[in-house]
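S.K.: Any chance you could fold what I've pasted below:
(chains A and B)
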2 protein chains.
Amino acid sequence: MTSSDKPDRAADTPDIPAAPTGVAAMDWATAAADPQYRAAVVDLLGALAYGELAAFERLADDAKLAPTLEDKAELAKMASAEFHHFERLRDRLAEVGEEPTAAMEPFVAAYEGFHKQTAPSDWLEGLVKAYVGDSIASDFYREVAARLDSDTRALVLAVLDDTGHGGFAVEKVRAAIDADPRMGGRLALWARRLMGEALSQSQRVVADRDALSTMLVGGVADGFDLAEVGRMFSRITEAHTKRMAALGLAA
Amino acid sequence: MTSSDKPDRAADTPDIPAAPTGVAAMDWATAAADPQYRAAVVDLLGALAYGELAAFERLADDAKLAPTLEDKAELAKMASAEFHHFERLRDRLAEVGEEPTAAMEPFVAAYEGFHKQTAPSDWLEGLVKAYVGDSIASDFYREVAARLDSDTRALVLAVLDDTGHGGFAVEKVRAAIDADPRMGGRLALWARRLMGEALSQSQRVVADRDALSTMLVGGVADGFDLAEVGRMFSRITEAHTKRMAALGLAA
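M.R.: Next up, the predicted model:
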């Protein structure tokens, strides 16, 4: 569908059109008859799956920086939750007859690039990263959910619904800034760097994966609207800025 | 109970006495009326809980060394399973009115010491460590289960029952030795080092934690039988040696 025929959104269900149209009104079996749509969803599931596995690894790594055993257990819990998301996404790829590894491979470099450029140097940087990463992932899931067939949408929303690790990170980061206000400046810079790196890696993926990008921006089959890609990134960035401000970090 | 009044074991249920006697015939509420028994079980749960959390961290770390995405996912799965064991043990500590962190703290140094001395240098060393660690933990759970009240025993056996990651490691290590027989010598040395370090850290714990050690060896309340500690370590070492031989590693 093109951006001009997007359905209005009901005020109380901002993420799913009140009356789904186009692909959103179809189930997977019907929607996947279009090879371009199928390729896009396989890309999406592969990207999400590897993202969860990479998040597992990084959170488990950050658990080492935890100042207390409770904090360590909390990070380990987040890591374990990401692993279970990974399992669901991987199993879904297998269920639709795709080799999960092959679907994930195209996205390994972008995630590894992101994590390599954003290795936290301490516990608080790790928490801010977990929070920012989780929030951006949620925003992205919400952006994309409305464009998916009903079966894929249910999976994506289920994985989204099960996150919400943010509360723990927010509480700890707020307490640290209250205790030492100068901390705010350093963490604000860090959050800005995280967002910049996330955008730069996403743009690389958008440039490389035509089918996925076309679907993400609700574009037509023969190309995608770069302006709409820009608007999606803007919306995600604005939401990030608001969250950082609420956290006491000028972003 | 003393070692002389240990019940005979039924041939088909080697781990639990056919007719439980002593503490094994009691539930937690009854057995925990003895403060020494209570202290021993709190120590045991604390040691197991921290062991699971430490295992989570190390397996998640080893996942980075995985040569393929499938292998990485398999290690992440093991790590996640260890985390869920941790949760059960921690929740049980809270349920009996103990602060989980306080119960775990006395064992942090021993586990950290073990892991620091046995950081795998590659994927195969990591797998051998996961297999050896899992097997020794299983042996230990089995040794101790028969000495526990029925409620604690059920928990320990449930956590034990849910392991069995060994199959994956065994398959990969065998294939590697088949492909390059010289690998066997290096990994055999590595397994010996793992076992030596595990014994040395265990002996440290035995020396430090009287109530736990007394219970482990089925000793009487006013002390424990060093010879029986030695025999328990011997049984665990022998089982390890047999497993290593089966794996193609002369231990």
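S.K.: How about stretch A:200-208, which residues are buried there?
M.R.: A:Q201, A:S202, A:V205, A:V206 (16 or more other C-beta atoms under 10 Å in any protein chain shown). Heads up, the C-betas are built off the backbone N, CA and C, glycines and all.
S.K.: and the residue of chain A nearest chain B?
M.R.: A:A60 (3.2 Å; C-beta to the nearest C-beta).
S.K.: residues contacting that residue?
M.R.: Shown in contact with A:A60 (C-beta atoms under 8 Å, 6 or more residues apart in numbering or on different chains): A:L75, A:A76, A:A79, B:F56, B:E57, B:A60, B:D61, B:A63, B:A79.
S.K.: Go again with 10 Å.
M.R.: By C-beta atoms under 10 Å, 6 or more residues apart in numbering or on different chains, the contact list for A:A60 reads A:75-76, A:78-80, A:82-83, B:56-61, B:63-64, B:76, B:79-80, B:83.
S.K.: And A:H240, by the same measure?
M.R.: A:H240 neighbours (C-beta under 10 Å, 6+ apart): A:V132, A:S135, A:I136, A:D139, A:A191, A:R192, A:L194, A:M195, A:A198, A:L199, A:A251.
S.K.: Among those, show me the least confident.
M.R.: Sorting the contacts of A:H240 by confidence puts A:A251 at the bottom, with a pLDDT of 51.
S.K.: Does A:G46 touch A:A94 like I think?
M.R.: No: A:G46 is beyond contact range of A:A94, at 11.8 Å (criterion: C-beta atoms under 10 Å).
S.K.: Now do the closest residue to A:L93 other than its chain neighbours: how many residues are near it, please.
M.R.: Closest residue to A:L93 apart from its sequence neighbours, by C-beta to C-beta, 6 or more residues apart in numbering or on different chains: A:P100 at 4.4 Å. By the measure other C-beta atoms under 10 Å in any protein chain shown, the count of residues near A:P100 is 22.
S.K.: cool, A:E143 as well?
M.R.: 17.
S.K.: Now do the lowest-mean-pLDDT helix or strand in chain A: which elements does it pack against?
M.R.: Taking mean pLDDT, DSSP states H and E as the measure, the helix or strand of chain A with the lowest value is helix A:210-216, at a mean of 78. Applying 3 or more C-beta pairs under 10 Å, 6 or more residues apart in numbering or on different chains; DSSP states H and E, we find helix A:210-216 packed against helix A:35-63, helix A:123-145, helix A:182-208, helix A:226-246.
S.K.: What strand or helix carries A:P67?
M.R.: Under the criterion DSSP states H and E, no helix or strand holds A:P67.
S.K.: Enumerate every residue touching it.
M.R.: A:D122, A:W123, A:L124, A:K172.
S.K.: before we move on, the earlier item: what about the least confident helix or strand of chain A, distance to the chain center?
M.R.: Chain-centre distance of helix A:210-216: 16 Å, with C-alpha atoms, centre = their mean, to the nearest Å.
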